[in-house]
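Peer 1: Predicted model and sequence follow; I will ask about them next.
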Amino acid sequence: MKKFKWIAFAAGFILLLLLFKFQFSNNDSWESWNLPLAGKVIYLDPGHGGPDGGAVGTKLLEKDVTLEITKRVRDYLQEQGALVLLTREKDIDLSSMGTKGYSRKKAEDLRNRVEMINSSSADMYLSLHLNALPQRQWRGAQTFYDGKFEENAKMAKFIQDELRKNLENTDRKAKPIHGIYLVKYTNKPGALVEVGFLSNGEEEKLFTDPTYLDKVAGSVYKGILRYYTDKSKPPE
């Protein structure tokens, strides 16, 4: 009788463990399943880096601002289940150490960015940049895309809509673009975002504010999220 009680107790304990394990696994799977970007691989490309500073303001360099914003976008996307890759995570270019000459290093850097994205399992990519013009009155963000994939226009339009609504600094529309190396030769769906103008003094000052950087990154993130989850036609 005593032996039977021990067998019954052991069987009950094992059953309890199995139920607990099933409940834990089931809840864990349910949580992962409900993350809207679970299973998506996204490549983010912070423009420029290393000796290539990109656009220049009075105090800021494009390469630094793009990296700050890109890291914030990455964090938002990861919170929603995406696997996010970056072409760079610090102030470097992607050319070889032995490559001499600025133009050669720049060309190799771009080729390597394209190769990194094309050879990956990424579902999409996004390249982040800033602009600068001699005319200092220009400001605001704009998203560009290559027309070779239908998804490119959809993605760019959703991102641009979020930038318009949240930053309230432009009425520009997403625009097709030709001749930009990375956009032209990358064989994944994607877009390029110019998040503002460093040549505009007021806008450059905004890019020193962490709250504004979060706002820009949040707008880009929401656009990507809508690209994957919004079944409606994107606004122009």
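Peer 2: Perfect, thanks for sending it. Residues are numbered from 1 along each chain as shown.
Peer 1: What lies in contact with stretch 204-219?
Peer 2: Contact with stretch 204-219 is made by 57-60, 65, 68-70, 72-73, 75-76, 130, 141, 159, 162-163, 165-167, 195-198, as judged by Cβ atoms under 8 Å, 6 or more residues apart in numbering. (Each C-beta comes from the backbone N, C-alpha and C, glycine too.)
Peer 1: could you give me the average pLDDT of that stretch?
Peer 2: For stretch 204-219, mean pLDDT rounds to 98.
Peer 1: start at 369 instead
Peer 2: Done: numbering now begins at 369, and the last item shifts to stretch 572-587.
Peer 1: Pull out the buried positions in it.
Peer 2: Buried residues in stretch 572-587, counting neighbours by 16 or more other Cβ atoms under 10 Å, are found at 572, 574-575, 580-581, 583-585, 587.
Peer 1: Could you do stretch 426-436 as well?
Peer 2: Within stretch 426-436, the residues scored as buried using 16+ other Cβ under 10 Å are 428-436.
Peer 1: any idea which of the residues you listed is the one closest to residue 474?
Peer 2: Distance ranking of these against residue 474, using Cβ to Cβ, places residue 431 first at 12.3 Å.
Peer 1: picking up where we left off before, CSV for the buried residues of stretch 426-436, including distance to residue 485?
Peer 2: Shown next, in CSV, are the buried residues of stretch 426-436 (distance: Cβ to Cβ, whole Å):
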residue, distance to residue 485
428, 26
429, 23
430, 20
431, 18
432, 22
433, 21
434, 16
435, 17
436, 21
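Peer 1: for this protein, what are the low-confidence residue spans?
Peer 2: Applying pLDDT under 70 to the chain flags residues 369-401.
Peer 1: Spatially, which residue comes closest to residue 496, not counting chain neighbours?
Peer 2: Leaving aside its sequence neighbours, residue 496 sits nearest to residue 434 (Cβ to Cβ, 6 or more residues apart in numbering; 4.8 Å).
Peer 1: so which strand or helix has the one you found?
Peer 2: Take DSSP states H and E as the rule and residue 434 turns out to sit in helix 430-447.
Peer 1: ditto for residue 497
Peer 2: Take DSSP H and E as the rule and residue 497 turns out to sit in strand 492-499.
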